[in-house]
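Peer 1: next input, structure requested:
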Amino acid sequence: GGGGGGGGQILKSIPKNPGAAPLGYLFQQQSLKITGYSVRRSRFPSILFGSATVFLVFLLGMELGLRKSWLGAAVFAIFPLTIRYATESRIYSQGLFFSTLATLIYVRLAKKPTWVQFLIYTLSLVLAIYSQPLAVLVGISHVIWSITNREYKIAIRGFVALMSAGVAFLPWYLWSKHQWHTGIITSGIYFVASLKTPLNIFRELTGAGYWSSSIILLLWLVARRNYDPRILRLLILLIIVP
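Peer 2: Next up is the predicted model:
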């Protein structure tokens with residue numbers, strides 16, 4: 001949490017958590033300075049970003065031309081995983097918000113390329129990565145999507161924005177990587193891929209186990225015939241690449 005200590009003290013302690021980025025902690029600290037500290041109030045940023053993400057999902061659906069965009073946002077809102085991270089005092093809903101915002105802006109950029117859209121997109125990526133570094137995979141999904149659409153000029157802009165966000169994150173990475181490495185060694189964290197890995201990912205898609213993910217898959221299989229193939233590729237990439 002970001003309740004105690006100054007910003008400098010928090011920045012020094014964050015890298016003890018391998019892979020952690022500072023923006024979520026700093027936002028929480030500023031929020032607690034305004035509201036006063038309590039366990040309940042420390043969850044306010046998660047509630048704020050979680051609720052705002054549901055609205056962004058609605059806007060993204062409209063931008064993609066989905067006829068019932070509100071229904072997609074409603075289904076997303078009741079995912080156990082969405083509710084969990086919108087009510088826990090953690091940074092994931094903030095990373096999700098900026099990732100969804102970046103996707104919304106990129107779709108608009110693909111429709112009408114302007115420098116303003118490009119700059120907003122780049123800033124969204126920077127904020128997403130500084131909230132959750134794995135959000136870089138969302139930016140990679142965008143670039144691959146443009147390449148599959150043979151929209152190479154948009155892909156180049158997306159790639160430049162992605163590289164710019166990477167350069168912006170580089171100072172934090174260089175400052176934190178030693179503590180990240182030490183934390184990984186001392187905590188014994190490791191990753192092993194097996195035949196069960198895809199099943200584990202599928203089980204956790206919604207946060208409610210196999211039955212919930214199966215229902216979502218069935219709904220998608222029924223609905224996909226109505227999708228524009230171009231939009232369908234984007235949605236699939238946003239699932240598979242991350």
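
Peer 1: when you work out contacts or count neighbours from here on, use the C-alpha atoms and nothing else.
Peer 2: Fine.

Peer 1: run through who's touching the helix or strand of the chain with the lowest mean pLDDT.
Peer 2: When the helices and strands of the chain are scored by mean pLDDT, DSSP states H and E, helix 7-13 comes last with a mean of 76. For helix 7-13, contacts defined as Cα atoms under 8 Å, 6 or more residues apart in numbering pick out 2, 22, 25-26, 29.

Peer 1: give the buried residues for it.
Peer 2: Across helix 7-13, burial judged by 16 or more other Cα atoms under 10 Å covers 10-11.

Peer 1: can I get the CA coordinates of it in CSV?
Peer 2: The C-alpha coordinates for helix 7-13 follow below in CSV (Å, rounded to 0.1, in the frame of the first residue of the first chain):
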residue,chain,number,x,y,z
GLY,A,7,7.3,9.3,-2.3
GLY,A,8,11.0,8.7,-2.2
GLN,A,9,10.7,6.0,0.5
ILE,A,10,8.0,4.2,-1.5
LEU,A,11,10.0,4.3,-4.7
LYS,A,12,12.9,2.7,-2.9
SER,A,13,10.7,-0.1,-1.5
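
Peer 1: buried sites along the following helix or strand past it?
Peer 2: Going down the chain from helix 7-13, the next helix or strand is helix 23-35, by DSSP states H and E. Residues of helix 23-35 classed as buried: 23-29, 31-32 (neighbour count, 16+ other Cα under 10 Å).

Peer 1: same deal with stretch 223-242?
Peer 2: Buried, per 16+ other Cα under 10 Å, within stretch 223-242: 233-234, 237-238.

Peer 1: check stretch 100-115 too.
Peer 2: Buried residues in stretch 100-115, counted by 16+ other Cα under 10 Å: 100-110.

Peer 1: same thing with stretch 46-60?
Peer 2: Buried residues in stretch 46-60, counted by 16+ other Cα under 10 Å: 46-47, 49-60.

Peer 1: so which of those are in helices?
Peer 2: Among the buried residues of stretch 46-60, the members found in helices (DSSP state H) are 46-47, 49-60.

Peer 1: show me which of those residues is closest to residue 70.
Peer 2: Nearest to residue 70 among those, counting by Cα to Cα, is residue 58 at 5.5 Å.

Peer 1: and the longest helix belonging to the chain, what's its mean pLDDT?
Peer 2: Longest helix of the chain, by residue count under DSSP H: helix 152-187. Per-residue pLDDT values across helix 152-187 average out to 92.

Peer 1: go on, stretch 61-69?
Peer 2: Per-residue scores along stretch 61-69 average to 88.

Peer 1: ends of stretch 120-139, how far apart?
Peer 2: Terminal residues of stretch 120-139 lie 13 Å apart, using Cα to Cα, to the nearest Å.

Peer 1: sorry, wrong one. I was asking about stretch 79-92.
Peer 2: Its first and final residues considered, stretch 79-92 spans 14 Å by Cα to Cα.

Peer 1: quick one: which helix or strand includes the closest residue to residue 161 other than its chain neighbours?
Peer 2: The shortest distance from residue 161 to any non-neighbouring residue, by Cα to Cα, 6 or more residues apart in numbering, is to residue 122 (4.9 Å). According to DSSP H and E, residue 122 maps onto helix 115-131.
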